[in-house]
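1. A structural model of the following input is requested.
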Amino acid sequence: MTTGETIYVELLGEGVTVFRPVTAVRQPDGSFELPSSSPPDEQWAFLPGSRVECELRDLDQAQPVLLAVRHAP
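-> Residues are numbered from 1 along each chain as shown. Model prediction:
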C-alpha cells in the first residue's frame, strides 16, 4: 500500500494567494502524483492527477512545506 504525503497546491481565481494541502503520492523519481479529483469549487494550479515537482517553501507555517511548483517531466 502506498501512503501519501501532504503537499500544497496553489488555488487560482481566489483574489488572494491561497494554497490547498493535498495528499499526494511520491513517485520513484521524486515527483508527486496529485489526487485524481479536486473539490468542484476549486481551480488548482495543476490538474488533478498530474505529476508535479515540489520545492520546500515557507508559507507562514511553523516549518517549510512542500509546494507544487511545476509539472514533472
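
2. From here on, just use CA atoms for contacts and neighbour counts.
-> Will do.

3. all strands of the chain, in order?
-> Counting by DSSP state E, the chain has strands at residues 5-11, 18-26, 32-33, 51-57, 65-71.

4. for these, which one sits closest to Asp41?
-> strand 5-11 (10.3 Å; Cα to Cα).

5. quick one on the thing from earlier: a markdown table for the strands of the chain, including distance to Trp44, mean neighbour count and mean pLDDT?
-> Formatted as a markdown table, these follow (distance: least, Cα to Cα, whole Å; neighbours: other Cα atoms under 10 Å; pLDDT from 0 to 100):
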| stretch | distance to Trp44 | mean neighbour count | mean pLDDT |
| --- | --- | --- | --- |
| strand 5-11 | 5 | 19 | 97 |
| strand 18-26 | 8 | 17 | 96 |
| strand 32-33 | 14 | 22 | 98 |
| strand 51-57 | 12 | 18 | 97 |
| strand 65-71 | 10 | 18 | 97 |
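
6. for those, which one sits closest to Pro40?
-> When the strands of the chain are ranked by proximity to Pro40 (Cα to Cα), strand 5-11 comes first, at 12.2 Å.

7. counting contacts, what elements does the closest one pack onto?
-> strand 18-26, strand 65-71 (3 or more Cα pairs under 8 Å, 6 or more residues apart in numbering; DSSP states H and E).

8. Repeat the analysis, applying 10 Å as the threshold.
-> Strand 5-11 sits against strand 18-26, strand 32-33, strand 51-57, strand 65-71, with contacts defined as 3 or more Cα pairs under 10 Å, 6 or more residues apart in numbering; DSSP states H and E.

9. if we can go back for a sec, let's have the strands of the chain in CSV, adding distance to Ala45.
-> Formatted as CSV, the strands of the chain follow (distance: least, Cα to Cα, whole Å):
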stretch, distance to Ala45
strand 5-11, 5
strand 18-26, 10
strand 32-33, 14
strand 51-57, 10
strand 65-71, 9
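
10. between those strands, which gets nearest to Glu42?
-> Of the strands of the chain, the one closest to Glu42 (Cα to Cα) turns out to be strand 5-11, at 6.7 Å.
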